[in-house]
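A.B. asks: Next come a sequence and a model predicted from it.
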Amino acid sequence: MKSVLITGANRSIGLETAKQLSKQRLFVYLGSRNLEKGKSVVQELIENGFQNIKAIEIDVTNTDSILEAKSIVEKEQGKLDILINNAGISGPFPQNASDTPLKNIQEVFDTNFFGVINVTQIFLELLKKSDSPRISNITSGLGSLTLHSDPNWKYYDVKSAGYGTSKAALNAYTIVLAYELKDLPFKVNAIDPGYTATDFNHHNGPGTVESAVKFIIKHTLIDDKAPTGKFYSNDIEDETEVSPW
């Protein structure tokens with residue numbers, strides 16, 4: 001049975017991802033910064049018929065927490081097949097480039113960018129023990145520099161000095177990581193679930209979590225012939241779904 005760790009999985013897109021992967025018979029580590037909240041969610045899932053799900057405490061901004069989570073997965077599985085870096089924060093809005101407090105931007109980067117790097121680097125040892133390791137970095141179309149430079153883009157006016165720039169940095173890291181691992185069986189991609197109504201954005205957005213997660217899973221559970229180092233967006237209305245960087 002393949003194993004997957006999903007960070008920030010106790011609600012919204014992360015939780016739905018855990019549900020759908022459980023249905024596909026993967027062993028799911030439901031990552032939660034607060035273990036009790038995670039356990040409560042898992043207990044409810046089990047009562048509703050879901051199987052092979054375990055809550056695991058992981059705060060992506062805390063190295064000790066990540067190391068402890070890695071130790072648990074290593075003892076129980078010996079390896080990790082899939083890492084979905086889903087945990088993220090938006091930070092307070094508005095986020096003007098000229099006057100957003102630096103500490104606010106740093107807090108967003110600590111989770112959305114540095115947290116992803118820390119989790120990924122610590123779990124690489126276990127991922128390398130998998131026959132077909134996958135890393136999916138959950139990003140946003142708001143991290144596309146190309147689209148943000150196009151006045152005709154429908155979200156052109158949605159600028160953010162913290163959130164958007166953190167996702168642009170995450171996209172850049174994805175390219176570097178995918179290149180470094182290209183001669184191994186890894187597939188490393190940035191995946192934008194699209195503008196989805198969740199707790200994260202006060203339930204704005206036209207997309208549903210179910211649709212968003214189907215898209216994430218589509219580009220995570222890919223075969224060895226699939227590309228690596230790509231940026232897929234659920235908001236792209238063509239067959240390739242490849243978003244411009």
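C.D. replies: Cool, the structure landed. Quick caveat, the model's predicted, so the values are computed rather than measured.
A.B. asks: Using the three-state scheme, assign Leu5.
C.D. replies: Assigned with DSSP: H, G, I helix; E, B strand; the rest coil, Leu5 falls in the strand class.
A.B. asks: Beta-bridge partners for it, please?
C.D. replies: Tyr29, Leu83 (DSSP bridges).
A.B. asks: packing partners for the one helix or strand Asn137 maps to?
C.D. replies: Using DSSP states H and E, Asn137 sits in strand 134-138. On a contact count with 3 or more CB pairs under 8 Å, 6 or more residues apart in numbering; DSSP states H and E, strand 134-138 meets strand 82-85, helix 115-127, helix 163-180, strand 187-192. The C-beta positions use only the backbone N, C-alpha and C, and glycine is treated the same way.
A.B. asks: buried stuff in it?
C.D. replies: 134-138 (16 or more other CB atoms under 10 Å).
A.B. asks: Partner strands of that strand, with direction?
C.D. replies: Counting by DSSP bridges, strand 134-138 is paired with strand 82-85 (parallel), strand 187-192 (parallel).
A.B. asks: now these in TSV, with mean pLDDT?
C.D. replies: Shown next, in TSV, are these (pLDDT from 0 to 100):
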stretch	mean pLDDT
strand 82-85	99
strand 187-192	98
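A.B. asks: and those strands as TSV, adding distance to Phe50 and mean neighbour count?
C.D. replies: Shown next, in TSV, are the strands paired with strand 134-138 (distance: least, CB to CB, whole Å; neighbours: other CB atoms under 10 Å):
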stretch	distance to Phe50	mean neighbour count
strand 82-85	17	27
strand 187-192	23	26
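A.B. asks: could the ones you listed go into CSV alongside distance to Asp99?
C.D. replies: Output for the strands paired with strand 134-138, formatted as CSV (distance: least, CB to CB, whole Å):
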stretch, distance to Asp99
strand 82-85, 30
strand 187-192, 28
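A.B. asks: Specify the stretch among the ones you listed that is closest to Glu74.
C.D. replies: Comparison of the strands paired with strand 134-138 against Glu74 by CB to CB identifies strand 82-85 as nearest, at 13.5 Å.
A.B. asks: Pull out the buried residues from the helix or strand that that closest one is followed by.
C.D. replies: Counting by DSSP H and E, the next helix or strand C-terminal to strand 82-85 is helix 102-109. Residues of helix 102-109 classed as buried by neighbour count (16+ other CB under 10 Å): 105, 107-109.
A.B. asks: Also stretch 39-51?
C.D. replies: Neighbour-count burial for stretch 39-51 [16+ other CB under 10 Å]: 39, 41-42, 45.
A.B. asks: Which ones among these lie within helices?
C.D. replies: Of the positions in the buried residues of stretch 39-51, 39, 41-42, 45 sit in helices, assigned by DSSP state H.
A.B. asks: List just the nearest of these to Gly8.
C.D. replies: For these, the nearest to Gly8 is Val41 (11.9 Å; CB to CB).
A.B. asks: Identify the residues contacting the closest one.
C.D. replies: 10-11, 15, 30, 32, 55 (CB atoms under 8 Å, 6 or more residues apart in numbering).
A.B. asks: follow-up on the earlier one: just the closest of the buried residues of helix 102-109 to Ser149, please.
C.D. replies: Once CB to CB is applied, the member of those that ends up nearest Ser149 is Ile105, at 20.5 Å.
A.B. asks: per-residue confidence for the nearest residue to the closest one once chain neighbours are set aside?
C.D. replies: Spatial nearest neighbour of Ile105, excluding adjacent residues (CB to CB, 6 or more residues apart in numbering): Gly162 at 4.2 Å. On pLDDT, Gly162 comes in at 98.
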